[in-house]
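Asker: Here is the input, now give the coordinates:
(one chain, ligands or ions: 1)
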Amino acid sequence: MMQRRQLVLGGGAFGVAALAGCAADTGAILTSTAGGSVPAKTRVLVVGGGYGGATAAKYVRLFSDQKIDVVLVEPGDAFVSCPISNLVLGGYRTMADITTRYDGLAKNHGVRVIKDMVSSIDPAKKTAVLASGPTIAYDKLILAPGIDLMFDGVQGLRAAQAEGRILQAWKAGPETLALRRQLEAMPDGGVYAITIPEAPYRCPPGPYERACQVASYFKAAKPKSKVLILDANPDVTSKGPLFKKVWAEQYAGMIEYRGQHKASAVDARTNTVKFEVHDDVKADVLNVLPPMRAGSIAVQTGLANANARWCGVNYLTFESTAAKDIHVLGDSIQIAPAMPKSAHMANSHAKVAAAAVVAELAGWEVNTAPMLTNTCYSFVDGRSVIHVASVHEYVAAEKTFKTVAGSGGVSAGPTEQEGTYAWNWARTIWADALL
Ligand SMILES: Cc1cc2nc3c(=O)[nH]c(=O)nc-3n(C[C@H](O)[C@H](O)[C@H](O)COP(=O)(O)OP(=O)(O)OC[C@H]3O[C@@H](n4cnc5c(N)ncnc54)[C@H](O)[C@@H]3O)c2cc1C
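Answerer: Okay, the predicted model is just below:
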């Protein structure tokens, strides 16, 4: 499906060596029509150093042959990966295993990494203000702030979360460890319950993988315990038959799945979750995932123009449909059909967006046929893995991405060989985004 293509740069000022391999992977060709080059002192400001933002920062530098000044603003001390974080809950990996420093972006690519938050963006003036005070001007802004958890979607959850009673751990970090501690403290014979919001949400298979990880830990350490999956969706949203088979065979009597369970409220005193229709459920460890939306800086900037939750973009360039010269990518965007909110997809978005941003700044033709790829691996225990994969092509007539017929697919069943692939996928994508 993926073609290796030659980059055509005409008389532009950019070298090609650094670009060839990367561009081929996303179908992101850069074509110079006018022989233009990036004006001196051009700056791209990247907001958010997660999967989307870190990749975009690096690739704008690569695609512009280091000509564009790239400033990345990210509040985190280091990049902590959500993929593989469920294995920290299962006890198979540590936080150190899923953490990568940001200094590779500076040392290897000359990205200027600023540890801060962007507190406001002025699309008309093309400036952003940092929480610490300074204002940064940009020619193009790439916004990849991930998701915001809509705590108010589940009554009582905000307070329960603030008290550390009912956690999400849907952004990897200290909460991942805190949830692990709750599991460790739970008595044998206890119940862990995870609630899942209606799709779309970050990482469709993530909650089901988490249920497997918790069950795997229980099987070894607390075999009388139970895992309840309380899903607002009518059925398992990703790899359904594969997960159900694992639950029936590997975790029989331990994992129970209940569809159409939309959480409406929690009571932290009694560790109870209430549903729109069904009876209350009490659990020893409650892991309640509320509905999600684009990261708050995107919402606050007026970019969340799809259901007031997600950011509409022109899929050819990832430019916001609400503001010129702001390109939104990753989990924050309004998805095209069958496009998951995943790290792999954010990484793919980033390369297409980076190529488009560089092309527009240099006055080159933007690639009219970008492609995206996705693979999501799920560990069903400490070693065995299942995957789902897909290839997405831009369909000009419909101005959207669609999956390529016959591309991708799912595993036949869990294998340890796929476990090796999954771990290698993680190390490769961390290197691709950050080193
Ligand atoms: C448990 C779990 C397991 C997962 N497993 C997989 C998997 O196996 N495979 C897969 O492909 N995907 C997986 N995902 C999904 C994946 O983590 C997300 O889709 C991915 O992180 C999205 O990338 P992003 O860049 O949009 O957001 P993020 O990676 O969350 O990055 C957003 C960044 O923006 C920063 N930020 C936010 N606001 C501001 C601001 N105002 N100023 C500056 N910075 C800001 C944040 O600090 C953050 O670092 C999983 C998710 C979870 C929760």
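Asker: Which strands or helices does the helix or strand hosting residue 374 pack on?
Answerer: Taking DSSP states H and E as the definition, one finds residue 374 inside strand 371-379. On a contact count with 3 or more C-beta pairs under 8 Å, 6 or more residues apart in numbering; DSSP states H and E, strand 371-379 meets helix 20-26, helix 85-90, helix 206-221, helix 343-362, strand 385-395, helix 416-434. All C-beta spots, glycine's among them, are computed from the backbone N, C-alpha and C.
Asker: List the buried residues for that strand?
Answerer: Buried residues in strand 371-379, defined by neighbour count with 16 or more other C-beta atoms under 10 Å: 371, 372, 373, 374, 375, 376, 377, 378, 379.
Asker: Including distance to the ligand, could those go into CSV?
Answerer: What follows is the buried residues of strand 371-379, written out as CSV (distance: C-beta to the nearest ligand atom, whole Å):
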residue, distance to the ligand
371, 17
372, 12
373, 11
374, 7
375, 7
376, 5
377, 5
378, 7
379, 9
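Asker: on that earlier part again, paired strands for the strand holding residue 374, with orientation please.
Answerer: Within its sheet, strand 371-379 is paired with strand 385-395 (antiparallel), according to DSSP bridges.
Asker: Now find how far off-centre stretch 426-433 is within its chain.
Answerer: In terms of C-alpha atoms, centre = their mean, to the nearest Å, the centre of stretch 426-433 is found 14 Å from the chain centre.
Asker: and if you look at stretch 324-342?
Answerer: For stretch 324-342, the distance to the chain centre is 10 Å (C-alpha atoms, centre = their mean).
Asker: Report the buried residues of it.
Answerer: Here stretch 324-342 shows 325-336, 339-342 as buried, counting by 16+ other C-beta under 10 Å.
Asker: out of these, who's nearest residue 87?
Answerer: Checking the buried residues of stretch 324-342 against residue 87 by C-beta to C-beta gives residue 342 as the nearest, at 16.7 Å.
Asker: Find me the pLDDT at residue 41, would you?
Answerer: If you check residue 41, the pLDDT there is 82.
Asker: The residue lying closest to it once chain neighbours are set aside: neighbouring residues, count only.
Answerer: Once flanking residues are discounted, residue 41 sits nearest to residue 69: 6.9 Å by C-beta to C-beta, 6 or more residues apart in numbering. Neighbourhood size, residue 69 [other C-beta atoms under 10 Å]: 20.
Asker: Show me what residue 69 is bridged to.
Answerer: residue 43.
Asker: Go ahead and confirm it touches residue 46.
Answerer: No. With contacts counted by C-beta atoms under 8 Å, residue 69 stays clear of residue 46, the gap being 11.2 Å.
Asker: can you give me the helices in the chain?
Answerer: Counting by DSSP state H, the segments of the chain that form helices are 20-26, 51-63, 85-90, 103-109, 157-162, 174-185, 206-221, 240-249, 296-300, 343-362, 416-434.
Asker: Next, the contact list for residue 218, please.
Answerer: 192, 225, 226, 227, 254 (C-beta atoms under 8 Å, 6 or more residues apart in numbering).
Asker: Count the neighbours of the last one for me.
Answerer: This means residue 254. The tally of other residues near residue 254 (other C-beta under 10 Å) stands at 19.
Asker: which residues touch residue 91?
Answerer: 180, 217, 221.
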